[in-house]
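Asker: Quick one, what's the 3D model for this:
(one chain, ligands or ions: 1)
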Amino acid sequence: MTDKTFAPRIFSGIKPSGGLTLGNYLGAIKRWVAMQDTGGFETTIFCVVDLHAITVWQDPAELGSATREVAAGMLASGIDPSRSILFNQSRVHQHAELAWLFNCVARMGWMNRMTQFKEKAGKNAEKQSLGLYAYPSLMAADILLYHATHVPVGEDQKQHVELTRDIAAKFNHDYGTEFFPLTEPVIEGPAMRVMNLRDGTKKMSKSGESDMERINMTDDADTISKKLKKARTDPEPLPSELAGLKDRPEARNLVDIYAALSDQSPEAVIGEYAGAGWGTFKPALAELAVEKMAPIATEMRRLMDDPAEIDRTLAHGAEQAREIAAPILNRTAEIMGFVR
Ligand code: TYM
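Answerer: Numbering: from 1, shown residues only. The predicted structure is shown next:
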């Protein structure tokens, strides 16, 4: 293995902790499919990160179906296992092993700055699992185990990919090598932070209190339409310039969702709907979302009816993943001086 040149390679993942949302689709999966399809990458690797899910309690009776649902969401959206590697993380033990090595590279001060831990732990940091705190080090291992050069994620994961670069740089420096690449986060497009439909200052997430806050990737046409028509907005019509949405988070969010679903810029959407009221824009958005998302939900349901087939796909992907991961972990151990 040469230590300096890195083929352009993508790695990204989603936690199976509850269902998938429109945020996961627009911020991640839809863009992964585009990157897979354009063919500019030597390898595209997509992972259901079940080891990350258990950083908060997961009912063992539900972890399996959540894992299959995330895989089904990726497959239904167009991730093609004959062109991409698709697997679940716990099947490739090298992730956990490299994470331990990185726990000894990452510094406490770096981990203490992770905003997602602070948000998730809130005032209850003492009661959180050690895994939740160490999570970004496992994420660095996920990425660097494949020498991934590009990681397409939503805005909320940016700091974790930057930490991955810090870990790679410190490892390379401490061991006098250039073994790990300095991975780039790929955060582009209008929907890098899809917001909650009831409160435009909060991120759309799997775990919000009310189902009306989010579009689930399994929602049927009527549900998608109802949620978007009932989405909170303000009384003003749409402005003629994007700048007019500056202090209107709910309005901005719906314009961004429209832009991402229709592969346009938010400016182009505003150009088309300048001066339109919600009575015009919301039904148009609902129609677009149903057109794009309902077929994916139908396909997800079809795939989930045959869990054994999903399991075969994930098992095959894990074999392919191990072929890349095993030599990289072995070389890492060698560089660190372990007797193997
Ligand atoms: P997770 O499971 O929370 O989310 C998966 C992906 O969906 C994106 N996303 C969003 N994008 C825009 N708007 C939203 N409201 C929204 N909600 C979620 C996330 O940014 C992410 O890209 N730690 C990661 C999983 C992970 C990972 C990795 C990602 C583990 N190892 C290695 C990349 C590379 C996470 O919890 O994502």
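Asker: so P295 sits in a helix?
Answerer: Yes: assessed with DSSP: H, G, I helix; E, B strand; the rest coil, P295 lies in a helix.
Asker: neighbours of it, just the number please.
Answerer: 12 (other Cβ atoms under 10 Å). Backbone N, C-alpha and C define where each C-beta goes, glycine included.
Asker: Equivalent analysis for I296, please.
Answerer: 21.
Asker: thought it was touching A76?
Answerer: Yes: with contact defined as Cβ atoms under 8 Å, I296 reaches A76; the gap is 4.8 Å.
Asker: if I look at the two, which residues touch both of them?
Answerer: Taking Cβ atoms under 8 Å, 6 or more residues apart in numbering as the contact rule, the neighbours common to I296 and A76 are M217.
Asker: Tell me where the stretch 101-250 of the chain has helices.
Answerer: Here the stretch 101-250 of the chain has its helices, by DSSP state H, counting those that start in this stretch, at 108-112, 115-121, 130-144, 158-174, 221-229, 249-261.
Asker: For P60, which of these is the nearest?
Answerer: Among these, helix 130-144 comes nearest to P60, with 15.8 Å by Cβ to Cβ.
Asker: Name the surrounding residues that touch that closest one.
Answerer: Contacts of helix 130-144 with the rest of the structure, by Cβ under 8 Å, 6+ apart, involve 11, 13, 47, 49, 51-52, 54-56, 89, 95-96, 98-99, 101-103, 106, 111, 114, 116-117, 120-121, 151, 157, 159-161, 163-164, 167-168, 180-181, 183, 328.
Asker: Kindly calculate the angle that it makes with helix 158-174.
Answerer: Counting by axes from the mean of the first three to the mean of the last three Cα atoms, to 10 degrees, helix 130-144 points 70 degrees away from the direction of helix 158-174.
Asker: State the mean pLDDT of helix 130-144.
Answerer: In this model, helix 130-144 has an average pLDDT of 98.
Asker: for the ligand, what are the nearby residues on the protein?
Answerer: Within reach of the ligand by Cβ under 6 Å from any ligand atom, the chain has these residues: 11-15, 23-24, 27-28, 49, 52, 139, 142-143, 151, 153-154, 156-157, 160, 191-194, 203-204.
Asker: just checking, which of the residues you listed belong to strands?
Answerer: Here DSSP state E is the test, and these give 11-14, 151 as lying in strands.
Asker: Can you select the buried ones among these for me in ChimeraX?
Answerer: To isolate the buried ones among those in ChimeraX, judged by 16 or more other Cβ atoms under 10 Å, type:
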select :11,12,13,14,151
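Asker: out of the ones in strands among the residues of the chain next to the ligand, who's nearest K246?
Answerer: The closest of those, once distances to K246 are taken by Cβ to Cβ, is V151, at 29.7 Å.
Asker: For the ligand, give me its nearest residue in the stretch 51-200 of the chain.
Answerer: Distances between the stretch 51-200 of the chain and the ligand by Cβ to the nearest ligand atom are smallest at G154, namely 2.4 Å.
Asker: and that residue, what is it in contact with?
Answerer: The contact partners of G154, by Cβ under 8 Å, 6+ apart, come to 23-24, 27-28, 187, 192-194.
Asker: Among the residues you listed, which one lies nearest to T5?
Answerer: The closest of the contacts of G154 to T5 turns out to be I187 (Cβ to Cβ; 24.7 Å).
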